[in-house]
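Peer 1: Please work out how this folds:
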Amino acid sequence: MRQLVVHRLGTVRYDEAHALQEKLLAARVQGSIGDTVLLLEHPPVVTLGRGADVKNLLLGRDAFLARGIAVHETGRGGDVTYHGPGQLVAYPIVDLKPDRCDVRKYVRDLAAVMVGLAGHLGLGAGFLEGDPKLVGVWVDQDHPTAWPAGLRAPDAGGLRLAKIGAIGVRISRWVTMHGFAFNVRTDLAPYGLIVPCGISDRGVTSAAALGASVPAWSRVESACAGSFARVFGADARIAGETETLDLASRFGLHGSSAAPLD
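Peer 2: As a prediction, the model looks like this:
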């Protein structure tokens, strides 16, 4: 059985989290650490993936900065997205060898983790097959507690779908970095400053916006860890505070702060 160590890092700037991921990826390739998942929040930031179209930024970069929103280009797949407080970000640093060396399966597995998390919050969510531009996890805003079984992208035209979870990954020597961002109680207003993931005809939502009762943040993180365990067939263990501080010190992370436990 796979062993996953889940670290709760609190709030970390995007550039610092990216640098940490790169160091952890190198360590995982070398075998000096085991499979690791980072759970965190970012201060407001817009990120551009490898395939991003700058036209999907509806403001100039200086205008974003004036609003307190950083802008970063990054090596993940996908287009433009937003990260901010109230959004649970998961960065798995996982070696997919020997039995999970399939990029599409890995992306679907990340979606399944978020679907499980949505279910824990009382929401029905799903992954839309059939259109690579619609990668992510979606909900039907008119029926947020139920997801139509077997729904595919070509058949979704009549539904008022909104994205609740975005996915963007990078894989090197079958070791993963980047991951997903799930909107728990995220302020959705900044999404109006971009074309999220390059999709102009679908909305973005959050669990709170859909009326879900959001538990304490630590319980959301625990539910996410449990969903990782089920999807990856793993024993997922949440690291203690001392272990996480040791990881941060060892790999040069200085910007984290304790996540709110409300």
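Peer 1: For Asp262, give me the pLDDT.
Peer 2: pLDDT for Asp262: 41.
Peer 1: shouldn't Ala112 be in contact with Phe232?
Peer 2: No - assessed by CB atoms under 8 Å, Ala112 is found out of contact with Phe232, at 9.3 Å. Where you see a C-beta, it was placed from the backbone N, CA and C, and this is true even at glycine.
Peer 1: could you dump the helix or strand where Gln3 lies to PDB, C-alpha only?
Peer 2: Assigned by DSSP states H and E, Gln3 belongs to strand 2-11. In PDB, the C-alpha atoms belonging to strand 2-11 read as follows (Å, rounded to 0.1, in the frame of the first residue of the first chain):
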ATOM      1  CA  ARG A   2       1.200   3.500  -0.800                       C
ATOM      2  CA  GLN A   3       2.100   5.700   2.100                       C
ATOM      3  CA  LEU A   4       1.100   9.400   1.700                       C
ATOM      4  CA  VAL A   5       2.300  12.000   4.200                       C
ATOM      5  CA  VAL A   6       0.000  15.000   4.100                       C
ATOM      6  CA  HIS A   7       1.500  18.400   5.300                       C
ATOM      7  CA  ARG A   8      -0.800  21.200   6.300                       C
ATOM      8  CA  LEU A   9       1.200  24.400   5.500                       C
ATOM      9  CA  GLY A  10      -1.300  27.100   6.200                       C
ATOM     10  CA  THR A  11      -1.000  30.200   4.000                       C
END
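Peer 1: what about that strand, distance to the chain center?
Peer 2: How far strand 2-11 lies from its chain's middle: 13 Å, per CA atoms, centre = their mean, to the nearest Å.
Peer 1: Now do the buried residues in that strand.
Peer 2: For strand 2-11, a neighbour-count test (16 or more other CB atoms under 10 Å) marks 2, 4-11 as buried.
Peer 1: what's the lowest-pLDDT member of those?
Peer 2: The weakest per-residue confidence within those falls on Arg2 (94).
Peer 1: For Arg237, give the beta-bridge partners.
Peer 2: On the basis of DSSP bridges, Arg237 is bridged to Val5.
Peer 1: What does the pLDDT read for it?
Peer 2: Arg237 carries a pLDDT value of 97.
Peer 1: Would you mind confirming that it is in contact with His7?
Peer 2: No - if you go by CB under 8 Å, Arg237 and His7 don't touch, sitting 10.2 Å apart.
Peer 1: Please state the offset of the top strand by length along the chain from the chain centre?
Peer 2: Ranked by residue count under DSSP state E, the longest strand found in the chain is strand 161-172. Relative to the centre of its chain, strand 161-172 is centred 6 Å away, using CA atoms, centre = their mean.
Peer 1: That strand - what's its average pLDDT?
Peer 2: Averaging pLDDT along strand 161-172 yields 96.
Peer 1: for that strand, packing partners?
Peer 2: On a contact count with 3 or more CB pairs under 8 Å, 6 or more residues apart in numbering; DSSP states H and E, strand 161-172 meets helix 103-120, strand 137-140, strand 175-183, strand 203-204.
Peer 1: Apply 10 Å and report the result again.
Peer 2: On a contact count with 3 or more CB pairs under 10 Å, 6 or more residues apart in numbering; DSSP states H and E, strand 161-172 meets helix 14-30, strand 80-83, strand 87-93, helix 103-120, strand 137-140, strand 175-183, strand 203-204.
Peer 1: May I see the buried residues of stretch 11-28?
Peer 2: The neighbour-count check on stretch 11-28 (16+ other CB under 10 Å) flags 11-14, 16-18, 20-22, 24-28 as buried.
Peer 1: To clarify, my last question referred to stretch 122-136.
Peer 2: Neighbour-count burial for stretch 122-136 flags 123-128, 134-136 (criterion: 16+ other CB under 10 Å).
Peer 1: how far out from the middle of the chain is stretch 18-26?
Peer 2: Relative to its chain's centre, stretch 18-26 lies at 16 Å (CA atoms, centre = their mean).
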